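Asks: Could you look at this predicted model? Sequence included:
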Amino acid sequence: MREVNVAIADDNERILDMLGEIIEQDQDLNLIGKADNGEDIYHLLKEKKPDVVLLDLILLRMDGLRVMEHVNMDEQITKRPEFVNVTAG
């Protein structure tokens with residue numbers, strides 16, 4: 001089985017760290033980046049091309065829904081990640 005590249009975006013630092021630790025403990029998952037706001041995760045997606053993104057819907061600077069919209073409209077992004085939406089609200 002090949003390693004799955006995962007990125008995380010959440011504005012809650014504790015949740016961000018907890019999810020990161022869980023991913024790092026799984027041999028089949030590779031944490032390639034974390035962001036605490038929508039703009040940063042969008043740029044990370046363009047640069048690192050993760051397979052999966054754990055995406056909070058409520059983020060600063062750009063919410064999770066807008067991040068997904070931007071990814072789908074951006075013709076420079078040829079590899080679209082799978083999004084798993086997470087939110088506490």
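Replies: Sure thing, it's come through. Residues are numbered from 1 along each chain as shown.

Asks: partners of G33 in the sheet?
Replies: Taking DSSP bridges as the rule, G33 bridges to A7.

Asks: so where do the strands sit in this structure?
Replies: Using DSSP state E, the strands found in the chain span residues 4-9, 29-35, 52-56, 82-86.

Asks: could I get those as CSV with distance to I22 and mean pLDDT?
Replies: No exception for glycine: its C-beta is placed from N, CA and C like everyone else's. Below are the strands of the chain laid out as CSV (distance: least, Cβ to Cβ, whole Å; pLDDT from 0 to 100):
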stretch, distance to I22, mean pLDDT
strand 4-9, 10, 98
strand 29-35, 9, 98
strand 52-56, 10, 98
strand 82-86, 12, 96
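
Asks: how about CSV for the ones you listed, with mean neighbour count added?
Replies: Shown next, in CSV, are these (neighbours: other Cβ atoms under 10 Å):
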stretch, mean neighbour count
strand 4-9, 23
strand 29-35, 19
strand 52-56, 23
strand 82-86, 13
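
Asks: could you dump those to CSV with distance to I15?
Replies: Listed next are the strands of the chain as CSV, based on distance: least, Cβ to Cβ, whole Å:
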stretch, distance to I15
strand 4-9, 9
strand 29-35, 10
strand 52-56, 8
strand 82-86, 8
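
Asks: Quick one: closest of these to L44.
Replies: strand 29-35 (4.5 Å; Cβ to Cβ).

Asks: and the closest one, what does it pack onto?
Replies: strand 4-9, helix 13-25, helix 38-48 (3 or more Cβ pairs under 8 Å, 6 or more residues apart in numbering; DSSP states H and E).

Asks: buried sites along the last one?
Replies: What that stands for is helix 38-48. Neighbour-count burial for helix 38-48, counted by 16 or more other Cβ atoms under 10 Å, picks out 38-42, 44-45.

Asks: Now distance to I32 too, for the helices and strands packed on strand 29-35, in TSV please.
Replies: As requested, the helices and strands packed on strand 29-35 are exported to TSV (distance: least, Cβ to Cβ, whole Å):
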stretch	distance to I32
strand 4-9	5
helix 13-25	10
helix 38-48	5
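
Asks: Compare the ones you listed and report which one is nearest to K79.
Replies: It is, among the helices and strands packed on strand 29-35 and with distance given as Cβ to Cβ, helix 38-48, at 9.1 Å.
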